[in-house]
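>>> predicted model, plus sequence, below.
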Amino acid sequence: MGSVFVTRAVPGDALDRLAEAGHSVDLWSGELPPPAADLVAHLATADAALAMVTDRIDAQAIAASPSLKVISNMAVGYDNVDPAVAADAGVWLTNTPGVLAETTADLAFALLMAAARQVARGDRDARAGLWKTWSPTGYLGTDIHGATLGIVGLGEIGEAMARRGRGFGMRILYASRTRKPAVEAAIGAEFTSLDGLLEVADFVSLHMPLTPVTRGLIGARELSLMKSTAILVNTARGTVIDQAALVHALRAATIAAAALDVTDPEPLPASHELFSFPNVVITPHIASASLATRSRMARMAAANIVEVLAGRKPINPVNAPAMPRMPLT
Ligand code: GLV
């Protein structure tokens, strides 16, 4: 049976399931991710890794881990590992799709509402004694109902966000690699170009994966297309936005606000200029962080490992090694 390096403590019964399948668990119990050298040292003797988005596992680390057969990411995103590099080495890479879409969309919508209605700023002011009186001109925000929501990336999370928007009586626009007629019919979402979306949307919510194409996709030009009253919401990856360009847009007030669950880097240093804007809401990459969802993600990540180490194809592969290190039985 195999040895599984689990890079962080996880909620739920995932580790029990690995043990029940006869595997030994090497658990990194630190609150912070294993530093690169520790990651490499633990992977070197592992048959499987149950890894997080914070664990960059590169070609060198894979080459230095001769018995590693699967990297099972406890995340839907997998930009921390190059799927092709892993496949070339015969290592499966898996993710946890499906189970986190609704929870992630919940947080994206919470951020949208928080930015639109100055929830975080109001809370900060109330705590600091800066709220002096009810005021007819105080904390004037943006209406959500009846507004236009622009969704960039209509995968399962984008679609869940679109449904929430519909529930609030919003008009839904989307820009995506592929057109989704079924979603258009079901939700009444309208397909448009990215530029067209940016020009019209009152809220722009990002839901695309981080790829070479989407890295920096929302740059100075794209931000300049947005309405000065528009609000940008990002629960995808920090680097899909050119963050310097975002700071510039906020400074120049060419957009109204930003709500970010992801930044570059994570965490942002406390002195970062983004923290200086009252109209910016920042949460610590918690979009999938409900107890139930994180437990399901961990269980799914464990199940993928159990399959591979039993000589079966994983349930959620994102690559396809031609010659898997663990032969299929
Ligand atoms: C989290 O960021 C994920 O990709 O699941």
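Arrived safely.

>>> how far does stretch 263-279 stretch from one end to the other?
16 Å (CA to CA, to the nearest Å).

>>> return the set of buried residues in it.
For stretch 263-279, a neighbour-count test (16 or more other CB atoms under 10 Å) marks 263, 264, 268, 274, 277, 279 as buried. For every residue, glycine as well, the C-beta is placed using N, CA and C.

>>> need those residues in CSV with pLDDT, can you?
Conversion of those to CSV gives the following (pLDDT from 0 to 100):
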residue, pLDDT
263, 98
264, 98
268, 98
274, 98
277, 98
279, 98
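
>>> from these, which are also near the ligand?
Residues of the buried residues of stretch 263-279 in contact with the ligand (CB under 6 Å from any ligand atom): none.

>>> looking at the residues you listed, which is nearest the ligand?
Closest approach to the ligand among the buried residues of stretch 263-279 (CB to the nearest ligand atom): residue 263, at 12.2 Å.

>>> quick one: contacts for the closest one?
By CB atoms under 8 Å, 6 or more residues apart in numbering, the contact set of residue 263 is 238, 243, 272, 274, 282.

>>> and the stretch 1-150 of the chain, which of its residues are near the ligand?
Residues of the stretch 1-150 of the chain lying near the ligand (CB under 6 Å from any ligand atom): 53, 75, 76, 77, 100.

>>> so what are the domain limits for this protein?
The chain is divided into the following domains under automatic domain parsing: 3-99+291-322, 101-282.

>>> measure the longest one end to end?
Taking CA to CA, the span from the opening residue of domain 101-282 to its closing residue is 20 Å.

>>> list the residues that contact residue 56.
36, 80, 81.

>>> tell me, how many residues neighbour the first one?
Neighbour count for residue 36, taken as other CB atoms under 10 Å: 14.

>>> next: residue 323.
Residue 323: 9 neighbours (other CB under 10 Å).

>>> who touches stretch 193-207?
With CB under 8 Å, 6+ apart, stretch 193-207 has contacts from 108, 112, 116, 142, 144, 147-155, 157-158, 161, 170, 173-175, 192, 217-218, 222, 225-227, 229-236, 240-241.

>>> apply 7 Å and report the result again.
For stretch 193-207, contacts defined as CB atoms under 7 Å, 6 or more residues apart in numbering pick out 108, 112, 142, 147-153, 155, 157-158, 161, 173, 175, 218, 222, 225-227, 229-234, 236, 240.

>>> backbone dihedrals for residue 218, please?
phi -100, psi 90 (degrees, to the nearest 10).

>>> tell me, how many neighbours does it end up with?
The number of residues packed near residue 218 is 26, by other CB under 10 Å.

>>> identify the bridge partners of it.
Beta-bridge pairing for residue 218 (DSSP bridges): residue 241.

>>> surely it is in contact with residue 240?
Yes. Assessed by CB atoms under 7 Å, residue 218 is found in contact with residue 240 at 6.2 Å.

>>> what's the neighbour count on residue 286?
Counted with other CB under 10 Å, residue 286 comes out at 15.

>>> could you do residue 140 as well?
By the criterion of other CB under 10 Å, residue 140 has 9 neighbours.

>>> among the residues of the stretch 1-150 of the chain next to the ligand, who's most crowded?
The most neighbours of any of those, using other CB under 10 Å, belong to residue 100, which has 25 neighbours.

>>> now do the contacts for it.
76, 288, 293, 297.

>>> next step: the residues you listed restricted to strands.
Among the contacts of residue 100, none falls in strands (DSSP state E).

>>> tabulate those in TSV, adding columns for distance to residue 304 and pLDDT.
As requested, the contacts of residue 100 are arranged in TSV below (distance: CB to CB, whole Å; pLDDT from 0 to 100):
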residue	distance to residue 304	pLDDT
76	13	97
288	17	98
293	17	98
297	11	98
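
>>> most widely separated two among those residues?
Using CB to CB, the contacts of residue 100 span at most 10.8 Å, a distance reached by 76 and 293.

>>> ok, the residue in the stretch 201-329 of the chain that the ligand sits nearest to - contacts?
Closest residue of the stretch 201-329 of the chain to the ligand, CB to the nearest ligand atom: residue 288 (5.2 Å). Counting by CB under 7 Å, 6+ apart, residue 288 touches 100, 103, 104, 294, 297.

>>> model confidence at the second one, what's the number?
The predicted local distance difference test score for residue 103 is 98.

>>> do residue 329 as well
With respect to pLDDT, residue 329 has a value of 89.

>>> check contacts around the residue nearest to it when sequence neighbours are not counted.
Residue nearest to residue 329 in three dimensions, not counting chain neighbours: residue 311, with 3.4 Å by CB to CB, 6 or more residues apart in numbering. Residues in contact with residue 311, defined by CB under 7 Å, 6+ apart, are 326, 327, 328, 329.

>>> got a markdown table for those residues, with secondary structure too?
Conversion of the contacts of residue 311 to a markdown table gives the following (DSSP: H, G, I helix; E, B strand; the rest coil):
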| residue | secondary structure |
| --- | --- |
| 326 | coil |
| 327 | coil |
| 328 | coil |
| 329 | coil |
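
>>> thank you kindly, that will do.
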